[in-house]
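Asks: Sequence first, predicted model second:
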Amino acid sequence: MRLLYEISIHLFNAAVALAALFGNSKARLMIRGRRGVVARALAENEDDARTTVWVHCASLGEFEQGRPLIEKIKEQSPDVKIVLTFFSPSGYEVRKNFPKADYIYYLPSDTARNARRFVKAIKPDVAIFVKYEYWYNYLRELRGAEAKSYVVSAIFREGIYFFKPYGGFFRGMLRLIDWFFVQNQESQRLLSSIGIVDNVTITGDTRFDRVADIVAKAPQLPIVERFAAGSKVVVCGSTWMADFHLLLPLMQNHPDIKFIIAPHQIDESEIEKMIKMSGREATRYTQRSNPEATLMIIDCIGILSGVYAYGDIAYIGGGFGVGIHNILEAATWGKPVIFGPNYRKFREAVDLVTLGGAFSVADFSQLNQTFAHILDNQVQISQISKAYVEQNIGATKHILEKIL
């Protein structure tokens with residue numbers, strides 16, 4: 001099975017190279033970023049004898065989960081060296097200058113040779129894998145180097161290959177890990193079912209700590225504040241056109257309620273289309289304010305977490321596509337949350353729906369009924385959302401008490 005695994009890694013590398021040849025931008029970034037990375041890591045770390053913590057994240061979302069740990073480690077132990085790696089260009093290219101990490105690299109592909117050379121180059125004392133990155137050769141090299149390996153914010157679901165009859169090789173991979181910090185009891189139960197019992201702790205998801213920190217540091221937004229003043233406001237975050245089409249009749253039915261829409265992608269033609277279809281007086285965040293506007297389009301990035309503060313209800317996009325976007329920012333502000341039907345892979349969404357702080361809708365009829373229910377029970381629902389987040393803060397502290 002190890003041979004098949006090694007072959008699969010080489011086949012993946014070939015597929016990436018082929019995609020790059022045909023113009024795939026992410027594939028090109030990955031090939032360019034991995035080129036010479038082991039040699040660079042060796043040169044940069046050769047004379048650096050500090051205690052080393054290696055944090056690996058698949059992409060940007062996992063980085064946000066790992067970030068609270070990195071920041072706390074640096075705060076508590078500023079002399080510790082942080083090596084940060086990414087698998088995906090969408091993580092590396094955005095965070096390649098993250099100031100709390102001493103060295104940042106693309107993770108070399110998990111061949112036996114790469115893993116041996118890279119681990120030898122960075123000399124980690126501790127390795128932290130965020131959420132679900134499991135690489136056999138790296139885990140084996142870490143065990144051989146007597147470096148402690150941890151998985152944080154880990155989550156497991158019934159039916160994935162670790163728990164299949166043919167998953168023996170992958171179960172063996174998990175047994176190379178020193179400790180699992182899992183998000184929920186179901187993950188603990190699944191690990192227990194394959195004999196991993198004594199090195200598992202339920203600590204929750206470090207994203208709650210990250211989002212709480214973002215909200216605590218969110219700047220005031222006077223433009224949004226003036227727009228929202230004295231009105232009931234719905235903030236629609238990370239929306240796609242499928243979400244907008246669902247929201248459109250709601251906007252038409254409630255002319256007295258203001259709407260703020262933050263599209264997931266800033267596309268000029270789609271923004272103009274939304275404004276025209278809405279039939280409302282509209283303003284854009286980056287342009288001169290229209291005092292008559294009842295629709296605001298957030299046509300820039302980086303402020304959405306703060307925008308939620310000025311709303312009464314939040315709608316989160318993505319639920320009619322591959323999956324909903326981040327609902328925790330809105331929930332942290334204590335907002336009732338609405339989203340589409342594709343949410344079940346997200347624990348916080350499932351939890352909040354169960355508790356009554358969030359609502360999934362599949363069509364306008366459900367949206368209309370849900371909206372009326374929220375308007376009638378807004379205070380109670382807001383309390384549910386806020387309490388849920390507050391109860392789940394603290395994973396970072398519990399993890400670091402074990403690791404450091």
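Replies: Okay, I see it. Numbers count the residues shown, from 1 in each chain.
Asks: Going by C-alpha atoms from here, please, whenever you check contacts or count neighbours.
Replies: OK.
Asks: and A218, what does it touch?
Replies: 305-306 (C-alpha atoms under 8 Å, 6 or more residues apart in numbering).
Asks: Checking it next. Helix, strand or coil?
Replies: coil (DSSP: H, G, I helix; E, B strand; the rest coil).
Asks: Go ahead and flag the most central residue of this structure.
Replies: Centroid-nearest residue in the chain: G61, 2.8 Å away (criterion: C-alpha atoms, centre = their mean).
Asks: and the residue nearest to L174 when sequence neighbours are not counted, how many residues sit next to it?
Replies: Nearest non-adjacent residue to L174, counting by C-alpha to C-alpha, 6 or more residues apart in numbering: Y134, 7.7 Å away. By the criterion of other C-alpha atoms under 10 Å, Y134 has 17 neighbours.
Asks: where does Y134 land on pLDDT?
Replies: For Y134, the pLDDT comes out at 95.
Asks: Wasn't it part of a helix?
Replies: No - using three-state DSSP, the assignment for Y134 is coil, not a helix.
Asks: that older thread, got a list of what the residue nearest to the centre of the chain touches?
Replies: Counting by C-alpha under 8 Å, 6+ apart, G61 makes contact with G91.
Asks: Quick check: which element contains it?
Replies: For G61, the host element (DSSP states H and E) is helix 60-76.
Asks: Show me which positions of that helix end up buried.
Replies: Using 16 or more other C-alpha atoms under 10 Å as the test for burial, helix 60-76 gives 60-71, 73-74.
Asks: Can you name the next helix or strand after the helix or strand where V38 lies?
Replies: Following DSSP H and E, one finds V38 within helix 37-45. Per DSSP H and E, helix 37-45 leads on to strand 52-57 as the next helix or strand towards the C-terminus.
Asks: Could you list the low-pLDDT ranges of the chain?
Replies: By pLDDT under 70, the chain has no low-scoring segment.
Asks: Kindly report the domain assignment for it.
Replies: The chain breaks down into these domains under automatic domain parsing: 2-210+394-403, 215-391.
Asks: Could you list every helix and strand in contact with the lengthiest helix in the chain?
Replies: Using DSSP state H, we find that the single longest helix of the chain is helix 2-21. Here helix 2-21 touches helix 25-34, going by 3 or more C-alpha pairs under 8 Å, 6 or more residues apart in numbering; DSSP states H and E.
Asks: measure D102 to E71 for me?
Replies: 12 Å (C-alpha to C-alpha, to the nearest Å).
Asks: what ranges do the strands span in the stretch 151-300 of the chain?
Replies: Ranges of strands in the stretch 151-300 of the chain, per DSSP state E, counting those that start in this stretch, are 179-182, 200-202, 233-239, 258-263, 282-284, 295-297.
Asks: Alright, calling it a day.
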